[in-house]
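Pasted the sequence and its predicted model underneath.
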Amino acid sequence: MVFLSNAISNARIDASNAQDEVHHESVSTTIYGTRWASEDIPRFEMPQLDGNPALNLATFVTTYMEDEAEKLMTENLSKNFIDYEEYPQSVELCNRCVNMIARLYHAPMHSADEEALGCSTVGSSEAIILATLAMKRRWQNSRKEKGLPYDNPNLVLGANCQVAWHKAIRYLEIEPREVECTEEMLYMDPHKAVELVNENTIGVCAILGSTYTGHYEDVKTLNTLLEAKNEANGWDIGIHVDAASGGFVAPFIVPDLEWDFRLSRVVSINVSGHKYGLTYAGVGWAVWRSAEYLPKSLIFNINYLGSDQASFTLNFSKGAAHVIAQYYVMIRLGQAGFRKIMSNLTATADHLADKLRSTGRFTIMSESSGRGLPLVAFRLNGQLHYNEFDISTKLRERGWIVPAYTMAPNVEHIKMLRVVVREDFSRSRCEILVKDILAALHSLDEVDSLAIAKKREHHAKHSHSSLFSNNPNKPASKASKETEFNTTEDPKKPAQGIC
Ligand SMILES: *Cc1c(COP(=O)(O)O)cnc(C)c1O
């Protein structure tokens with residue numbers, strides 16, 4: 001079974017430490033947490049190596065250790081996570097991850113009655129569906145108790161939400177109440193969100209790291225406004241934070257930003273272990289503030305070898321290797337390692353944004369200095385005979401995959417390009433990208449509109465398309481609306497998700 005883990009309260013840990021040994025942790029970082037990933041590699045002079053351990057050859061040993069992480073995963077590929085009897089240590093590592101993540105998000109841990117709960121999932125999508133289900137069931141239970149109708153639940157969220165939310169809403173038959181984006185605000189306005197809340201609202205979703213522009217939505221203001229509205233109406237509506245991308249960035253880069261369980265109305269949070277959690281695709285996490293927010297009727301309790309185990313999951317079998325790998329990454333890097341890597345990514349993103357801005361050709365749409373995700377979203381200045389999609393196509397000739405896409409409904413006329421700065425996007429690679437973007441601009445400047453039109457036609461004809469998703473008898477506009485990003489302008493072609 002995939003187990004629902006209790007995050008152990010400080011009181012219980014203190015009690016156990018009083019009888020037991022205290023654990024000391026020693027961590028460093030990978031190559032991507034060092035100077036070598038955020039500064040240009042020396043070209044003219046042999047570098048001075050000072051006493052910083054992160055700058056000596058140990059960093060390469062660290063790379064070798066990451067190979068061991070792959071080896072660790074390979075060794076565990078045959079394990080089914082549900083087989084608690086056979087692989088109890090996998091469950092133990094999952095419990096540890098939940099504990100660490102719950103603490104990272106400041107879950108209340110004062111007493112044994114106030115312990116957070118969490119579980120591993122296949123990714124944020126499963127976590128989002130589980131969290132939405134919990135909010136819906138809790139709302140229904142409370143309505144039933146009061147003898148009120150419970151057949152018309154709604155969820156408030158920004159129109160910039162990720163496709164996982166559309167799935168959750170549709171699968172669970174919930175009315176979406178979307179806050180439209182505007183040119184001034186390409187993510188959810190908390191004031192407008194709270195205006196949409198009514199007695200049938202099961203929760204409000206806030207995104208920590210919008211997939212379009214990387215913005216962190218203002219959860220604190222949302223919390224204050226929702227608290228007031230709850231109080232005025234005698235409601236108990238909570239916030240779910242979709243921290244799929246930001247959950248492993250914000251705690252290390254902007255630790256004072258309040259978006260998590262420090263806020264009273266935040267009842268659950270999801271994060272993708274396979275995004276900035278630095279683990280291969282196949283792991284995510286859902287954490288609830290306390291048992292109160294996870295209706296018991298959703299949890300399957302099994303008595304296993306004399307101990308009670310609780311399970312909350314959509315699927316039965318899944319691999320254990322990703323959970324084990326996530327634990328490896330967390331103890332391998334520690335908070336210090338994550339901080340170094342995320343700082344480098346932020347510095348690289350800022351550098352790229354500065355370089356692009358200084359060309360005078362682009363407007364940067366994303367945040368900088370760690371106030372948003374380490375990504376750069378940018379659009380062309382002025383009216384030209386080519387657009388962002390043409391730049392994307394041109395860059396493809398040099399091997400770069402930089403998606404162009406249109407914004408969320410209501411602001412879909414805004415086109416953008418986006419570079420997500422991930423661990424292996426070092427400063428030197430960034431310099432090459434900037435050069436290639438400039439070269440693409442110059443080359444497009446020189447050709448006329450006719451040549452651009454021809455190129456688009458050629459691209460449309462020869463780029464990859466799927467027989468299954470490209471059925472001309474189906475309304476294409478509906479299909480593309482359901483996709484998170486429209487990365488193609490041709491309505492006959494399927495949009496490609498890029499997350
Ligand atoms: C990626 C993402 C998701 C979906 O997460 P998966 O882990 O890919 O299932 C949901 N919400 C946001 C904001 C995301 O960025």
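Nice, I can see it.

so what's Asp390 up against?
Residues in contact with Asp390, defined by Cβ atoms under 8 Å, 6 or more residues apart in numbering, are Leu444, Ile452, Lys455, Arg456. All C-beta spots, glycine's among them, are computed from the backbone N, C-alpha and C.

from those, which single one is nearest the ligand?
Of all the contacts of Asp390, Arg456 has the smallest distance to the ligand: 29.0 Å, by Cβ to the nearest ligand atom.

Chain neighbours aside, what residue packs nearest to the closest one?
Ranked by Cβ to Cβ, 6 or more residues apart in numbering and with sequence neighbours excluded, the top spatial neighbour of Arg456 is Asp390, at 7.2 Å.

okay, the one you found: pLDDT?
Turning to Asp390, the model gives it a pLDDT of 95.

got the buried residues for the host helix or strand of it?
When elements are defined using DSSP states H and E, Asp390 is found to belong to helix 388-396. By neighbour count on 16 or more other Cβ atoms under 10 Å, the buried set for helix 388-396 is Glu388, Phe389, Asp390, Ile391, Ser392, Thr393, Lys394, Leu395.

wouldn't the first one be in contact with Met416 here?
Yes - under the contact definition of Cβ atoms under 8 Å, Glu388 touches Met416, with a separation of 6.2 Å.

shared neighbours of the two, anything?
With Cβ under 8 Å, 6+ apart, Glu388 and Met416 have common neighbours Arg379, Ala404.

neighbouring contacts of the helix or strand Ala18 falls within?
Ala18 is part of helix 10-19 when elements are defined by DSSP H and E. For helix 10-19, contacts defined as Cβ under 8 Å, 6+ apart pick out Met109, His110, Ser111, Ala112.

tell me which of the residues you listed is nearest to the ligand?
Of all the contacts of helix 10-19, the ligand sits closest to Met109, with 26.0 Å by Cβ to the nearest ligand atom.

for the closest one, what are its contacts?
Applying Cβ under 8 Å, 6+ apart, one finds that Met109 lies in contact with Ala7, Ile8, Ser9, Asn10, Ala11, Ala102, Arg103, Glu115, Ala116.

Leu77: how many residues sit nearby?
By other Cβ atoms under 10 Å, the residues close to Leu77 number 9.

you'd agree it is up against Lys318?
No - at 11.9 Å, Leu77 does not count as touching Lys318 under the criterion of Cβ under 8 Å.

What separation do you get for Lys229 and Asp236?
11 Å (Cβ to Cβ, to the nearest Å).

between those two, who's got more neighbours?
Ranked by neighbour count (other Cβ under 10 Å), Lys229 and Asp236 place Lys229 first, with 16 against 12.

Next, the more buried one: phi, psi?
phi -70, psi -40 (degrees, to the nearest 10).

Enumerate every residue touching it.
Listed by Cβ under 8 Å, 6+ apart, the contact set of Lys229 reads Val194, Val197, Trp235, Ile237.

which non-adjacent residue is nearest Val266?
Distance criterion Cβ to Cβ, 6+ apart; nearest residue to Val266, sequence neighbours excluded, is Ile239 at 4.9 Å.

my guess is the one you found meets Ile202, correct?
No - here Ile239 does not reach Ile202: they are 11.2 Å apart, not a contact under Cβ under 8 Å.

Which neighbours do those two have in common?
Overlap between the contact sets of Ile239 and Ile202, as judged by Cβ under 8 Å, 6+ apart, is nil.

What's the mean pLDDT across stretch 173-190?
Stretch 173-190 comes out with an average pLDDT of 97.

Now that stretch: buried residues?
Of the residues in stretch 173-190, Ile174, Pro176, Arg177, Glu178, Val179, Cys181, Met185, Leu186, Tyr187, Met188, Asp189, Pro190 count as buried by neighbour count, 16+ other Cβ under 10 Å.

The third one belongs to a strand, doesn't it?
Meaning Arg177. Yes - when the secondary structure is assigned by DSSP: H, G, I helix; E, B strand; the rest coil, Arg177 falls within a strand.

Now do the same contact list for it.
Asn154, Leu155, Val156, Leu157, Leu196, Val197, Thr201.

would CSV of the buried residues of stretch 173-190 with distance to Ala349 be doable?
Formatted as CSV, these follow (distance: Cβ to Cβ, whole Å):
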residue, distance to Ala349
Ile174, 35
Pro176, 31
Arg177, 32
Glu178, 28
Val179, 26
Cys181, 22
Met185, 21
Leu186, 17
Tyr187, 17
Met188, 22
Asp189, 25
Pro190, 25
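
hang on, Asn387 packs against Leu380?
Yes - counting by Cβ under 8 Å, Asn387 sits close enough to Leu380 to count as a contact (6.7 Å).

Quickly list what's touching both of these two.
By Cβ under 8 Å, 6+ apart, the residues touching both Asn387 and Leu380 are Lys415.

wait, is Lys144 part of a strand?
No - per three-state DSSP, Lys144 lies outside any strand segment and is helix.

how many other residues sit next to the residue nearest to Val266?
The tally of other residues near Ile239 (other Cβ under 10 Å) stands at 25.

next one: the one 10 residues further on
Val249 has 27 neighbours, counted by other Cβ under 10 Å.

same check, this time on Arg137
Residue neighbour count, defined by other Cβ under 10 Å, stands at 18 for Arg137.

again, but for Tyr32
26.

Skipping adjacent residues, who's closest to it in space?
Counting by Cβ to Cβ, 6+ apart, Glu423 is the residue found nearest to Tyr32 once chain neighbours are left out, at 4.4 Å.

So the one you found is in contact with Met342, correct?
No - Glu423 is beyond contact range of Met342, at 9.6 Å (criterion: Cβ under 8 Å).

quick one, which of those two is more surrounded?
In terms of neighbours (other Cβ under 10 Å), Met342 is the more surrounded of Glu423 and Met342; the figures are 25 against 17.

so what's the more buried one closest to, chain neighbours aside?
For Met342, the spatially nearest residue (Cβ to Cβ, 6+ apart) is Phe252, at 4.6 Å.

pLDDT score assigned to that neighbour?
pLDDT, the model's per-residue confidence, is 97 for Phe252.

How about the contacts made by it?
Taking Cβ under 8 Å, 6+ apart as the test, what Phe252 contacts is Gln335, Phe338, Arg339, Met342, Ser343.

Repeat that for Arg371.
Applying Cβ under 8 Å, 6+ apart, we find Arg371 in contact with Tyr216, Val254.

Please apply the same query to the one 4 residues further on.
Contacts for Leu375 (Cβ under 8 Å, 6+ apart) come out as Gly214, Ala349, Ser366, Arg418, Val419, Val420, Val421.

In strands, which of the residues you listed appear?
By the criterion of DSSP state E, membership of the contacts of Leu375 in strands covers Arg418, Val419, Val420.

Nearest to the ligand, out of these: which one, please.
For these, the closest approach to the ligand (Cβ to the nearest ligand atom) belongs to Val420, at 10.0 Å.

Quick check: closest non-adjacent residue to the closest one.
Among residues not flanking Val420 along the chain, Leu375 sits closest, at 4.6 Å (Cβ to Cβ, 6+ apart).

now swap in Asn198 and tell me
Using Cβ to Cβ, 6+ apart and skipping residues adjacent in sequence, the residue nearest Asn198 is Asn154, 7.3 Å away.

Quick one: name the residues of this protein near the ligand.
Along the chain, the residues adjacent to the ligand under the rule Cβ under 6 Å from any ligand atom are 123-125, 162, 164, 207, 209, 211, 242, 244-245, 272, 284, 499.

any chance of these in CSV, with distance to Asn301 too?
Rendered in CSV, the data for the residues of the chain next to the ligand read as follows (distance: Cβ to Cβ, whole Å):
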residue, distance to Asn301
Gly123, 25
Ser124, 26
Ser125, 25
Gln162, 32
Ala164, 27
Ile207, 33
Gly209, 34
Thr211, 36
Asp242, 28
Ala244, 29
Ser245, 33
Ser272, 28
Gly284, 23
Cys499, 35
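
Cool, thanks, talk later.
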